[in-house]
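Model the following, please.
(chains A, B and C)
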Amino acid sequence: MPEPLLKIEHLGIEFHTRRGTLVAVDDISFDVLPGKVFGIVGESGAGKSLTGQAIIGLLEPPGRIGAGRIFLNDQRIDQLPYHQMRRIRGKKIGMIFQDPLTSLNPLYTVGKQLVETILTHSEMTPNQAHQHTIALLDEVGIPAAEKRIGHYPHQFSGGMRQRVVIALALCVSPSLIIADEPTTALDVSIQAQIIALLKGLCKEHDTAVILITHDMGVIAEISDRVAVMYAGRLVEVGEVRDIVKNPKHPYSQGLMGSIPSLHHKSEELTQIEGTMPGLMEIPPGCAFHPRCPHAFDRCRQRRPGLIDTKPSKVACWLFENEDRSGNT
Amino acid sequence: MATPDQLKTNTPPLLRVTGLKRYFDVSEPFLNRLLEGKSRLILKAVIGIDFKINRGQTFALVGESGCGKSTVANLVVGLYQPTAGKIEFDGIDVASLTSRAQMALLRRRMAMIFQDPYASLNPRWRVDAIVSEPIRAFGLLKGTQAIFQRTGELLAQVGLSPADGEKYPHEFSGGQRQRISIARALASEPDFIVCDEPTSALDVSVQAQILNLMKGLQKKFDLSYLFISHDLAVVRHMADRVGVMYLGQLCEVAPVDAIFDSPLHPYTRLLLDTIPDPELTGRSSQPVTGEIPNPIDPPSGCAFHPRCPESTDKCRREGPELTTLDSGVQVACHAISASSEK
Amino acid sequence: MKSVLRIQDTVYRFFDSDIWYSFKKSKVTIAAACVTVIMILSAFTAPWIAPHNTFDPATLDLMDAFTPPVWYEDGTPKFLLGTDDQGRDIFSTILYGSRISLFVAFASMLLAMILGVTLGLVSGYLGGAIESIIMRIADVQISFPAILIVLLISGLARSVLPNVRHEEMAVWVLIFAIGISNWVHFARTVRGSTMVEKNMEYVQSARVIGRRRATIMFRHILPNVMGPVLVIGTIGLAVAVLTEATISFLGVGVPPTEPSLGTLIRIGQSFLFAGEWWIVIFPGVALVILVLAVNLLGDWMRDALNPKLR
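Residues are numbered from 1 along each chain as shown, chains lettered A, B, ... in the order given. As a prediction, the model looks like this:
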């Protein structure tokens, strides 16, 4: 097994508010392998975007990392001072947001923004950077790249803009890209194009991707491994095929069952009763127990850790006896 | 040639829309046009569509953004006036109603559920005031006690507690707000509800709850839905008949199973091919090239021809009509109408 | 019974709200609120708490004129802050004066608010020609200084109304003039917010069930655009106090028989260099404290109601 590119150990993110400290992400750990796509899936408020922001060092105050460590290539990056983190953001980690307009400056042409970024983070001459930009735009599928390089972001359509953002994230060949809901704002037919592009490029450049989304379909399409998050905690981590075909955690099962199928018509969708608790009201024990059809006493009292059931890891007491990691 | 649907029911459809058109004038102000020499710009959001919805059925309109599906929803409930065409509700031409009282009789029988659960409830109103607004607007019940009683019933019907009426919308989650929205839609005891992307702002597990609720209510109250969505999986789950829209026109109208199992129009096939599939069926999803054209400047002939793998010269020259095939499926494509004539 | 519960609930919500929290957190704001409340209360209870009734000429004695404040040798505890040229107690005139100042300011702001909010709602919601007309009038009016408009209106009133009527109408003319000169800010803000709100789905939902336009404007949209209106109203209150003082200082405001703070300053300023500084300084300080306190409240309100700054 290759060394992981990114290692997250017991990460916790908290918010200090006047009503006390809220724990938005609670003790999550996972590894991202180089060149692989790692999906984080969960409903809004599950803490998946915060996790992405914490990795790249862009947590908005009052949010802050309260616990845990983040390693990139064995270098600890969660405590770096601002300017060092900025260098890592530019060179080693790229970012793609849901709304392409947040990463593009409306006042500059896309060419200028790409060239500037390349010049800041590499040794290229302006001329080389310009050539590289055209090649990049061409690579992300923007027709007539030489002409489009002089256009402003508003002159591109939503899908084309997201391509520019991908070019911007890729331009300094980072080893990791964090993509936060990259296709949510796009139409289905455009979404398919962007997913295919992201998948192809990352394979080609050997870039790892953390794909944060609520859309199980997108995850299934391109991820290698998936983490399912619920109320700030990891409930299941594993290979995408195992999680999609054979989810183990009751929440993952409910989540998969609630997706309407394209292939057959069912009278009723599986539904998980109730709603995900807010940060103020996370219950003791397993956070999912009030909604779980299998909950028993233990779930109400103690919080389950990730249990390695091979192939996937599940945070659920139901699998306690299946722990095959050998450290019980 | 009557379609199987018509043969089944003798009663007229609850809603019939014929030749519906809506154009928007999006040109710059007069002075700017005069000084900058620009011409008028007309956005043709809906370019002549026909469909009907039978009692107790769900008709879904699907399409990508800018295809005009939400405009159709707004036209049907009267938020927009049609540029041309006719909307008949229960056999009554909506345009023929002139007095406020007549309109109110019609409006009571229609309701609408909106997309954004955060914008569709007045943040300064308590939930019971929001839910009971249609009751008070149409004067359906007299006396605060009776209205209070009814509001509690409505909230219970959508899975909330009558005590929730005391709260404000911001105290609820997205899914609960959508339930409030549904309770308000039910308040006037309508027989037809227009649902404009009712679950697209919700998480999947919440979406499942809302879809199940809507299906249950449909059965219970014999409701008809006009269901607007961009999500084909949701449409398959909800709809009886489906209309696929592209740039203001219907390109295929068919029973839901026909659309999904044997799609005819190239655009329908494209849509089905491109959805990411969470079921890992191993189907090769091929990305389609090309973008949705700007509706202000649509392509000539068939609007889909620049992205269509089977387009011919004829497609570039003239737009196809929506024709009814022997199977009852309606489709607007030269290639298909040509092969069915043979 | 239900309405009592509702009121309790509303009160509870207020004390649980972020606005109350940010109020409790800001010492400056609490101080400003205390000062404002004390000044308003003492102004409106002036007839009961003032040591002298300065409006009653029978109680005045010219022998008391120019008495210095109590801490001077010539001062007497009878006149805490001294007296003016006619022997009126300065402390009492300040109380009575701020009563008139505040009354004019409140009434004119209320007028400006009702006018501006209504016109703003109508033009924002209806749009079209009505909007163009209202907003062009606003544009023209805003290009003149407010004080000029007030002077114009009160000058006009002076020439139209007979002299006898004029004295008793003076306060109302002033209220009307200041109110008219301040509606534009309300109208512009409300129009902007209304144009955002009218596209919200809750408004469409009201339109679908065929609610009347007036119902939609005043029941649905109005409560949602009131936040900025309260901020403008509070800051506008301070401005109105100042405008009234300026007008009265110039001598075209309220008559000297019913002096406001501005009138007092006008009367006092002629004695400033003669050594009787207290006649002008104390009303001046009262004016500054009042305006400062109201302004601080307005600033806090603007921050507290702005979700971006929270």
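
May I have the phi/psi pair for A:T17?
With angles defined as degrees, to the nearest 10, A:T17 sits at phi -130, psi 180.

go on, A:S29?
phi -140, psi 130.

Who is the nearest residue to it once chain neighbours are set aside paired with across the strands?
Spatial nearest neighbour of A:S29, chain neighbours left out: A:E9 (5.2 Å); criterion: CB to CB, 6 or more residues apart in numbering or on different chains. Bear in mind the C-beta positions are built from the backbone N, C-alpha and C, glycine included. Per DSSP bridges, the residues bridged to A:E9 are A:R69.

Now do the contacts for A:E9.
A:S29, A:G68, A:R69, A:I70, A:F71 (CB atoms under 8 Å, 6 or more residues apart in numbering or on different chains).

Just the buried ones from those, in PyMOL syntax?
Entered in PyMOL, the line below selects the buried ones among the contacts of A:E9, by 16 or more other CB atoms under 10 Å in any protein chain shown:
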select buried, chain A and resi 29+68+70+71
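
State the number of residues packed around A:S175.
Residues lying near A:S175 (other CB atoms under 10 Å in any protein chain shown) number 19.

what does the model give it for pLDDT?
In this model, A:S175 is scored at 91, pLDDT.

Repeat that for the one 10 residues further on.
Note for A:A185: predicted pLDDT of 80.

those helices in the stretch 201-328 of chain A, which residues are they?
Assigned by DSSP state H, counting those that start in this stretch, the helices in the stretch 201-328 of chain A fall at A:216-222, A:240-245, A:250-257, A:297-301.

most neighbours per residue, which of the ones you listed?
Comparing those by mean neighbour count (mean count of other CB atoms under 10 Å in any protein chain shown), helix A:216-222 comes out on top with a mean of 24.

quick one: that one to chain centroid distance?
Counting by CA atoms, centre = their mean, to the nearest Å, helix A:216-222 is centred 12 Å from the centre of its parent chain.

Could you list the residues in contact with it?
So helix A:216-222 is in contact with A:37, A:39, A:41, A:183, A:191, A:195, A:198-199, A:211, A:213, A:226, A:240, A:244, A:255-256, A:259, B:204, B:275-280, B:285, going by CB under 8 Å, 6+ apart.

about what we covered before: now render the contacts of A:E9 as CSV, adding pLDDT.
CSV is the format used below for the contacts of A:E9 (pLDDT from 0 to 100):
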residue, pLDDT
A:S29, 92
A:G68, 91
A:R69, 92
A:I70, 93
A:F71, 92
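
Go through the contacts of A:E9 and name the one nearest B:V235.
Among the contacts of A:E9, A:S29 lies closest to B:V235 (CB to CB), at 39.4 Å.

Test my guess that the closest one contacts A:K313.
No - the pair A:S29 and A:K313 does not pass the contact test of CB atoms under 8 Å, sitting 9.7 Å apart.

Low-confidence regions, chain A specifically.
Residues of chain A meeting the criterion pLDDT under 70: A:1, A:322-328.

of all the residues in it, which ones are close to chain C?
Neighbours of chain C within chain A, by CB under 8 Å from any CB of the partner chain: A:R18.

any idea which residue sits dead centre in chain A?
With distances taken as CA atoms, centre = their mean, chain A has A:I212 as the residue nearest its mean C-alpha position (2.8 Å).

Now do the same contact list for that residue.
Counting by CB under 8 Å, 6+ apart, A:I212 makes contact with A:G39, A:I40, A:K48, A:S49, A:T51, A:G52, A:I178, A:A179, A:D180, A:E181.

Taking chain A, what residue is nearest to chain C?
Residue of chain A nearest chain C, by CB to the nearest CB: A:R18 (6.0 Å).

sec struct for the closest residue to that residue other than its chain neighbours, please.
Excluding its sequence neighbours, the residue lying closest to A:R18 (CB to CB, 6+ apart) is C:Y21, at 6.0 Å. Of the three states, C:Y21 takes helix according to DSSP: H, G, I helix; E, B strand; the rest coil.

Residue 101: helix or strand, and which one exactly?
Here I'm looking at chain A. Secondary structure from DSSP states H and E places A:L101 in helix A:100-103.

actually chain B
B:A101 belongs to helix B:100-108, assigned by DSSP H and E.

can you check A:D26 too?
Going by DSSP H and E, A:D26 is part of strand A:20-32.

residues of stretch C:42-60 that come out buried?
C:S42, C:A43, C:A46, C:A50, C:H52, C:N53, C:T54, C:F55, C:L60.

and of the residues you listed, the nearest to B:G56?
C:A43 (68.7 Å).

so who does the closest one touch?
C:A43 neighbours (CB under 8 Å, 6+ apart): C:L95, C:S98, C:R99, C:S101, C:L102.

Quick check on those: which are buried?
Buried among those by 16+ other CB under 10 Å: C:L95, C:S98, C:R99, C:S101, C:L102.

Please enumerate the strands of the chain.
Unless you meant another one, I'm taking chain A. Using DSSP state E, the strands of chain A run over residues A:6-17, A:20-32, A:37-41, A:63-72, A:75-76, A:93-96, A:176-180, A:208-213, A:225-230, A:233-239, A:307-308, A:313-314.

not what I meant, chain B
With DSSP E as the criterion, chain B has strands at B:15-25, B:42-53, B:58-62, B:84-89, B:92-93, B:110-113, B:192-196, B:224-229, B:241-246, B:249-255, B:323-324, B:330-331.

Tabulate those strands (TSV), appending mean neighbour count.
Conversion of these to TSV gives the following (neighbours: other CB atoms under 10 Å in any protein chain shown):
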stretch	mean neighbour count
strand B:15-25	17
strand B:42-53	20
strand B:58-62	25
strand B:84-89	17
strand B:92-93	12
strand B:110-113	26
strand B:192-196	24
strand B:224-229	25
strand B:241-246	25
strand B:249-255	24
strand B:323-324	15
strand B:330-331	24
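
Distance of the one residue in the stretch 51-200 of chain B that gets nearest to chain A relative to B:V26?
Closest to chain A within the stretch 51-200 of chain B is B:E64: 3.9 Å, counting by CB to the nearest CB. According to CB to CB, to the nearest Å, B:E64 stands 19 Å off from B:V26.

The two: which is more packed in?
Applying other CB under 10 Å to B:E64 and B:V26 shows that B:E64 carries more neighbours, namely 20 against 12.

mind listing what that one touches?
A:D187, A:V188, A:S189, A:I190, B:H230, B:Y246, B:L271, B:I292.

now do 7 Å
For B:E64, the contacting residues are A:D187, A:V188, A:S189, B:H230, B:I292, by CB atoms under 7 Å, 6 or more residues apart in numbering or on different chains.

Among the residues you listed, give me the pair with the biggest separation.
Pairwise distances across those (CB to CB) peak at 11.7 Å, for the pair B:H230 and B:I292.

any residues in contact with both of the two?
Common neighbours of B:H230 and B:I292 (CB under 7 Å, 6+ apart) are A:D187, B:E64.

Tell me the pLDDT of C:V70.
78.

Can you give me the neighbour number for it?
Applying other CB under 10 Å, we find 15 residues neighbouring C:V70.

Assess the claim that it and C:K78 are in contact.
No - C:V70 is beyond contact range of C:K78, at 8.6 Å (criterion: CB atoms under 7 Å).

The stretch 101-250 of chain C: helices as residue ranges?
Along the stretch 101-250 of chain C, the stretches classed as helices by DSSP H, counting those that start in this stretch are C:128-142, C:146-160, C:163-181, C:183-197, C:201-208, C:213-215, C:222-250.
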